[in-house]
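Student: Just to be clear, the model below is a prediction. Sequence and coordinates:
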Amino acid sequence: MSYVAIFMAWPYANGPLHLGHVAGNCLPADIQYRYERARGRRVLMCSGSDEHGTPITLTAEQMGVEPQFVVDKYHEINTKALADLGCSWVNPVDPRGPEFGGALYNRTSDDLHKEMVKEIFLQLLESGFLESKTMQQYCSINNDGSTKFLPDRYVEGECPTCKSDGARGDQCDNCGSTYEAHELLNPRSKLSPDSIIEVRDTNHYFLRLGDFQESLERHSSERQNVWKPNVRAMTKNWLDMGLRSRAVTRDIEWGIEIPLEGKDWKSKRVYVWFEAVQGYYTCAKIWAKRHASKSGHPLGEKAWEKWWKKSDGRDNTRHIYFMGKDNIPFHTIIWPAILMGLNASNKGEISHLSLPGDLILEDNVSANEYLLLQGGQFSKSRKHAVWLPSYLERYDADALRYYLSINMPETHDADFRWEEYVDRVNNELIGTYGNFVHRVMTLTHRIDSKEGNPLQDFDNPSNQTHIITEINKHIDSAISSMEKQRFKEALRSIMGIAQIGNSVLQEAAPWKYINQQDSKERSASLASLSLSWRICSCLAVCLRPFIPFSSDKLWKMLGNVNDIDLVLWEDSMDTSSDLSWNNEPPKPLFRRLDLEEILETESSLSDGGGAGNEEKDIRGDYIEFEDFMKVDMRTGKIISVDDHPNADKLFVIKIDEGNDSIRTVCAGLKGHYKESELVGQNVVFVANLEPRKLRGVMSEGMILAADDGEGGVKVLTTDGEINTGSRVR
RNA sequence: AGCGGGUUGGAGUAGUCAGGUUAUCUCGUCGGGCUCAUAACCCGGAGACCGGUGGUUCAAAUCCACCACCCGCUACCA
């Protein structure tokens, strides 16, 4: 029996998920989960919100609320967004039964998680893998006399070597010299620059990573053929530098308490990196306790052991982790070290090989690179992001799943561009796949039929074995890609099946024969259409992990009554069962996307309007003076205003910009102004904005207007007459 | 600055760790076909001295050295 555990790196509950998280983590994990199920394996998927750590306390402070409020809010938002994206967290127990597994999206503020983390802490402590050390840490002293330890990254000061200001951490940006983090001159807190800062001693526990160096090296060398180059390189780098102990506690109030007596430990918490990775393990146990045992798993609360403990029988268990590239060492070094430590505390010896009863180490750490947005990195503070919840409010989940799967940052950074998104969805998802399905459906529905599928009289798969063999080859290669977490390759193989389907139709040309009398040619042609019907079924099954919503739709449109998730990939090209039928007239699976419409929506969002309603974060949003001066704003007089021929909200406005020159600008002012109110106004416009077509009309700039976000819009005008073309600054 | 990664026809991308016959696939483009279908689909063609220079080798996109540019991490984002 095959057991597979899918682990997705825990999203930090400090904000909504964006498309980078989706492409790097959420989507690959869900695809793999659905795929493993479609191979008949027993799959458990675990992840959840990572809810501790300094950044969350800072967000809470900024919002003027408790940290729990912040994590509650984002846990809820993200849970819903993942469900809307079609990720499989919705069913905690596999519909086939609890012994087949399930999925739990938990959270690290869960009391059971906290308890288990404390147990693990004590177990590692008793086994000697944690050591206590005194370190120097910056501490800010508030006006009321209270003190607060500061993480190094929130402290800046002068470099002890070159005296340049703005140095942080343990290395100077200016001269490159290194020093201890607490050696900065005139340190100040970035959070409250006026506070007094001093260095104080503080006790902490450290995980003795060095103890695991040799075993980790062995483990790593065994994984060379499985890991992707980025994982190999990053891990090797850490191992080559030599592993040093890492603090597992820190001075902070938000987190899991240290399970030790003594006043000193009351003010400290478990370091979030040490605790969050344990979520993979605690989540499986919590799943067993809360879901599996209640649904009647034979092992009850011990159900988790099927996915976590090395068995002594023939059971085969694999662990696959999904994360972004910045998370690699936590999953190839730190987490395996913790697991080996737990195993060693039972058997007394550190080893990367697991004996029966041991917790098992990863089979693959599948780290993706980053998804960039229009060439730049996703950034919360710069509001350069497409947030998953807001995407899902406007667009289709499967379209996103398709585009991110076919363009996944598997081996290096990939770019999210709306142009490409529209292009690929329209051409590939809709053009090749959706259109194939629609051809088959509409053609079949045009054949006269008394009852059931009219193709059943023509079905003759034994004459088409070469095509069936070809399709099965595609399925096999998709399977072998999926076994290596190569999603792009797998999806391409499956899309190849739709292409085969299209050429089968092209060759058979059933549209010529549908209304003709019976003949040998007609029978042969409709036999091909019948095969195409079966190909649609096959596609629904194989595309299910990638685009679950439309697969489900197609499955029902085909009239299948069994559960699509119970059909295995290897059985998906079925030629033996009766042809299914659904009398409802077929509907297209997808709607074509309109690039101009999307760009218009997206640019109006990023222009300030409704975009950043998550938080008002004004700090850190400065631009350079030079950047501001790049914007060439000028005055002009509106000489004509016309309705845009193809848009509801746009006017096409001609502006006299001086020097006998006239400029055309599209402006979203319809509904706010009448044409006559605008003509003759002196307005301010951006003169050096790159011209862009808006719904078919070239717009050469942008008229400035104030927008209060609540429907009020007022154009900026000059206070009295001034020459057209005057520079505004 | 240190560390890591990248650079392959117009765009995106596979292949690089274990060197070896015509360098993969998708989009775009060009020509032809089809007209059932969501301006779609099918067939075919053109287009790359694999970032640069040098080296190792019978043989280099692949290994080595140096250089250029891009990105990430280090420094809250996967």
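Tutor: Nice, I can see it. Numbers count the residues shown, from 1 in each chain, chains lettered A, B, ... in the order given.

Student: Contacts only, for the residue in chain A that RNA strand B sits nearest to.
Tutor: Scanning chain A for proximity to RNA strand B using Cβ to the nearest atom of the strand identifies A:G324 as nearest, at 0.9 Å. From N, CA and C alone the C-beta is placed, and that goes for glycine too. Going by Cβ atoms under 8 Å, 6 or more residues apart in numbering, A:G324 touches A:A9, A:G20, A:H21, A:G24, A:N25, A:A367, A:N368, A:E369, A:Y370.

Student: Could you list which of those residues also contact RNA strand B?
Tutor: A:A9, A:G20, A:H21, A:G24, A:N25, A:N368, A:E369, A:Y370 (Cβ under 7 Å from any atom of the strand).

Student: mind listing which of these are in helices?
Tutor: Members of the ones next to RNA strand B among the contacts of A:G324 lying in helices (criterion: DSSP state H): A:G20, A:H21.

Student: And the strands in the stretch 1-150 of chain A?
Tutor: A:2-8, A:42-49, A:101-107, A:130-141, A:147-149 (DSSP state E, counting those that start in this stretch).

Student: In a markdown table, list those strands along with distance to A:A60, mean neighbour count and mean pLDDT.
Tutor: Listed next are the strands of the stretch 1-150 of chain A as a markdown table, based on distance: least, Cβ to Cβ, whole Å; neighbours: other Cβ atoms under 10 Å; pLDDT from 0 to 100:
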| stretch | distance to A:A60 | mean neighbour count | mean pLDDT |
| --- | --- | --- | --- |
| strand A:2-8 | 25 | 24 | 95 |
| strand A:42-49 | 15 | 27 | 96 |
| strand A:101-107 | 16 | 24 | 96 |
| strand A:130-141 | 18 | 16 | 83 |
| strand A:147-149 | 14 | 15 | 74 |
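
Student: Tabulate the ones you listed in CSV, adding columns for distance to RNA strand B.
Tutor: CSV is the format used below for the strands of the stretch 1-150 of chain A (distance: least, Cβ to the nearest atom of the strand, whole Å):
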stretch, distance to RNA strand B
strand A:2-8, 9
strand A:42-49, 10
strand A:101-107, 14
strand A:130-141, 13
strand A:147-149, 15
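
Student: of the contacts of A:G324, closest to A:D642?
Tutor: A:G20 (41.3 Å; Cβ to Cβ).

Student: Could you pull up the residues touching the closest one?
Tutor: A:G324, A:Y370, A:L371, A:L373, A:F378, A:A385.

Student: Equivalent analysis for A:T108, please.
Tutor: Neighbours of A:T108 in contact, by Cβ under 8 Å, 6+ apart: A:W10, A:G48, A:S49, A:D50, A:E51, A:H52, A:K114, A:I256, A:E275, A:A276, A:G279.

Student: quick one, what contacts A:K553?
Tutor: A:K553 neighbours (Cβ under 8 Å, 6+ apart): A:L589.

Student: Regarding it, what is its secondary structure?
Tutor: helix (DSSP: H, G, I helix; E, B strand; the rest coil).

Student: do you know how far it is from A:E158?
Tutor: A:K553 is 63 Å from A:E158, where distance means Cβ to Cβ, to the nearest Å.

Student: ditto for A:H52
Tutor: For A:H52, the distance to A:E158 equals 32 Å [Cβ to Cβ].

Student: More neighbours: which of these two?
Tutor: Between A:H52 and A:E158, counted using other Cβ atoms under 10 Å, the more crowded position is A:H52 (26 against 18).

Student: hang on, that one packs against A:E275?
Tutor: Yes - applying Cβ atoms under 8 Å, one finds A:H52 in contact with A:E275, separated by 6.7 Å.

Student: show me where the stretch 301-450 of chain A has helices.
Tutor: A:305-308, A:328-329, A:335-347, A:388-394, A:397-406, A:418-424, A:435-446 (DSSP state H, counting those that start in this stretch).

Student: which one of these lies closest to A:I320?
Tutor: helix A:305-308 (11.5 Å).

Student: and for that closest one, what are the contacting residues?
Tutor: For helix A:305-308, the external contacting residues (Cβ under 8 Å, 6+ apart) are A:3-5, A:42, A:44, A:99, A:101, A:281, A:284, A:299, A:315, A:317, A:359-360.

Student: same question, stretch A:334-348
Tutor: A:120, A:123-124, A:126-127, A:129, A:207, A:209, A:211-212, A:215-216, A:219, A:243, A:246, A:273-274, A:277-278, A:280-281, A:350-352, A:354-355, A:357-362.

Student: In strands, which of the residues you listed appear?
Tutor: Judged by DSSP state E, strands contain the following of the contacts of stretch A:334-348: A:L207, A:R246.

Student: residues of stretch A:451-458 that come out buried?
Tutor: Using 16 or more other Cβ atoms under 10 Å as the burial criterion, the residues of stretch A:451-458 that qualify are A:N453, A:P454, A:L455, A:D457, A:F458.

Student: so where is chain A shaky, pLDDT-wise?
Tutor: Low-confidence segments of chain A (pLDDT under 70): A:145, A:151-153, A:159-182, A:190-193, A:381-382, A:603-630, A:644-649, A:670-671, A:690-698, A:707-713.

Student: returning to what we had before: now the contacts of stretch A:334-348: which count as buried?
Tutor: Buried among the contacts of stretch A:334-348 (16+ other Cβ under 10 Å): A:120, A:124, A:127, A:129, A:207, A:209, A:211-212, A:215-216, A:219, A:243, A:246, A:273-274, A:277-278, A:280-281, A:350-352, A:354, A:358-362.
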